[in-house]
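Visitor: 3D, please:
(chains A and B)
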Amino acid sequence: MNLKLLVWRQKGPQAPGRMVEYPAPDVSPDMSFLEMLDVVNEGLIRKGEDPIAFDSDCREGICGMCSLVVNGVPHGPDRAATVCQLHMRRFHDGETIVVEPWRAAAFPVVKDLIVDRSAFDRIVAAGGYNTVKAGGAPDGNSILIPKDQAEQAMDAAQCIGCGACVAACKNASAALFVSAKVQHLASVPQGQPERYRRVRAMIAQLDREGFGSCSNEGECEAVCPKQIPIANIAAMNRDYVRAMMPGPLALALGGITEAFEDD
Amino acid sequence: MKLRIEAFLSSTGTKVVIALTGLALYAFLFVHLAGNMMFFAGQDKFNAYSHYLISNPLIYPVEIGLALIFVLHLVRAVGNFHKNQRARPVPYHAQVPVRHTSRKSVASTTMIYTGVLILVFVGIHLFHFKFGPELHVNDAAGQPTDVKDLHGLMVTQFSNPLMVLFYVVSMLVVGTHLWHGSWSALQSLGAGNVASTPRLVSTARIVTLVLMAGFVLVPILIFAFYRGAGGTP
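Guide: Residues are numbered from 1 along each chain as shown, chains lettered A, B, ... in the order given. The predicted structure follows:
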């Protein structure tokens, strides 16, 4: 396959960036997208040019490090997959592929396609944990958790913090990420003591980082490599209302939203 | 628990305020439509109903409350829109809708624009029927009374095909706003889970369709069956 790449190049956080075209000749359809970029970079290095900087780590879809917007979709055209799991057979010969970084004020570009996602770390540090003395490992089944709650917690805990939700959202909102982190702890008994303090602290930090607000479109859910549903955002909002509103309002809203609950 | 002001200023709190005011306006539309349907009860009954409504002293606090809700919805939504724009200062070279499970639609991407159009429409609409030209019901001696002939005004207005077209198009704009707004408000307030959200979305959309069908039917039915009747069909 012979392809053309249109890639965002930016020397540093303050430098202006621009789209630059590169040929990608002799690409094997069996290559992953990142392997293709590696090959293009080897060519650039041989020519004495600066290789395209991009993030990657595990290259098997579990670490959440890779972060490319391919042809206008975060992680590219495949569903429930990170961009490292995208293969070149998804493209056709002669195609021009547009490659961009996550775009959000809260994710400043470090270089080229690498963005700084430490905003997510600061949100988790604001409350996405349990304040407990860890001690030794507890005995198995010492805390009984109903199966459906355990499943719900595990589904939310699948979030790998890649930030595709922010990249896909027209408002660059991090609501899906934060809701996954909130819900994973709110679904199990261990998360209850700090449940409402946590949602309040994490949303306060979310706002300090400069993310947008949620328009409930669900682009985030559609690009999420772990398919985290936006129902988590509703659950987070529910907890936020209970945490923040005066008693009667929280009771009324809590009652109304409870009526739409299935479980 | 004491009220925390950040509850209404944070990103989530802002959406809660927009959702609550939006749902209040949505509920008002049902009352409004019920009033519209009184038109078909006949001229006397409809005029008596409208006279009872506007001569009631409670109408002023209700109108002021409604206006405040409208303004609050608008101010918070515009502020939110600007904040969201700042969250992505550098736009994508190419961004395409993801589709798959996404509910992104023309409606969801144009909320701020349909919202502004609705503001313009409400101004024109109030001029047509509230602050504009008035018709009065005559008494037995042929003298005008205090009672406004709203029935006659509606027939006069909707005998004009351009006016009917304007209202039908305006209702399409309102309907587009509510197509996304109705269920989005419920989600913002925390309703739904993995299983019930799809049902919530379809229910909100069906209710919106019924509501808008009602509003569209009124001018069309008046044009079709009462046109040119000069208020006395």
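Visitor: distance of the spatially most central residue of chain B from A:Gly12?
Guide: Relative to the mean C-alpha position of chain B, the nearest C-alpha, by CA atoms, centre = their mean, is the one of B:Leu29, at 5.5 Å. Taking CB to CB, to the nearest Å as the measure, B:Leu29 and A:Gly12 are separated by 53 Å. Heads up, the C-betas are built off the backbone N, CA and C, glycines and all.
Visitor: please enumerate the helices of the chain.
Guide: Unless you meant another one, I'm taking chain A. Secondary structure of chain A by DSSP state H: the helices cover A:33-46, A:118-125, A:147-157, A:164-168, A:175-186, A:195-208, A:219-223, A:231-244, A:247-259.
Visitor: my bad, the chain I had in mind was chain B
Guide: Going by DSSP H, chain B shows helices at B:11-37, B:43-55, B:59-86, B:106-109, B:111-129, B:150-158, B:161-188, B:197-225.
Visitor: from chain B, which residue is nearest to chain A?
Guide: Nearest residue of chain B to chain A, counting by CB to the nearest CB: B:Gly190, 3.1 Å away.
Visitor: what about that residue, how many neighbours?
Guide: Residues near B:Gly190, counting by other CB atoms under 10 Å in any protein chain shown, number 27.
Visitor: list the contacts for the spatially closest residue to it that is not a sequence neighbour?
Guide: Among residues not flanking B:Gly190 along the chain, A:Arg238 sits closest, at 3.1 Å (CB to CB, 6 or more residues apart in numbering or on different chains). Taking CB atoms under 8 Å, 6 or more residues apart in numbering or on different chains, we find A:Arg238 in contact with A:Gly254, A:Thr257, B:Leu189, B:Gly190, B:Ala191.
Visitor: who wins for neighbours among those?
Guide: B:Gly190 (27 neighbours).
Visitor: what part of chain A, helix or strand, is modelled with the least confidence?
Guide: helix A:247-259 (a mean of 76; mean pLDDT, DSSP states H and E).
Visitor: which strands and helices sit next to it?
Guide: Other elements packing on helix A:247-259 under the criterion 3 or more CB pairs under 8 Å, 6 or more residues apart in numbering or on different chains; DSSP states H and E are helix A:231-244.
Visitor: what are the C-alpha coordinates of the top strand by length along chain B, in PDB please?
Guide: As assigned by DSSP state E, the longest strand anywhere in chain B is strand B:144-148. The C-alpha coordinates for strand B:144-148 follow below in PDB (Å, rounded to 0.1, in the frame of the first residue of the first chain):
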ATOM      1  CA  PRO B 144     -66.800  46.700  22.300                       C
ATOM      2  CA  THR B 145     -66.400  45.100  25.800                       C
ATOM      3  CA  ASP B 146     -63.300  44.500  27.900                       C
ATOM      4  CA  VAL B 147     -63.200  40.900  26.700                       C
ATOM      5  CA  LYS B 148     -60.600  40.400  24.000                       C
END
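Visitor: and stretch A:71-84, does that touch chain B?
Guide: Yes - for stretch A:71-84 and chain B, the contact criterion (CB under 8 Å from any CB of the partner chain) is met by A:Asn71, A:Gly72, A:Val73, A:Arg79.
Visitor: mind saving the C-alpha coords of that stretch as PDB?
Guide: What follows is stretch A:71-84, C-alpha atoms only, in PDB (Å, rounded to 0.1, in the frame of the first residue of the first chain):
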ATOM      1  CA  ASN A  71      -9.300  10.900  10.000                       C
ATOM      2  CA  GLY A  72     -11.300  12.900  12.500                       C
ATOM      3  CA  VAL A  73     -12.100  10.100  14.900                       C
ATOM      4  CA  PRO A  74     -10.200   9.500  18.200                       C
ATOM      5  CA  HIS A  75      -8.500   6.100  18.000                       C
ATOM      6  CA  GLY A  76      -9.600   5.800  14.400                       C
ATOM      7  CA  PRO A  77     -12.400   4.000  12.600                       C
ATOM      8  CA  ASP A  78     -12.400   0.700  14.600                       C
ATOM      9  CA  ARG A  79     -14.900   0.500  17.500                       C
ATOM     10  CA  ALA A  80     -13.900  -0.500  21.000                       C
ATOM     11  CA  ALA A  81     -10.300  -0.400  20.200                       C
ATOM     12  CA  THR A  82      -7.300   1.900  20.800                       C
ATOM     13  CA  VAL A  83      -5.300   3.200  17.900                       C
ATOM     14  CA  CYS A  84      -2.500   0.800  18.600                       C
END
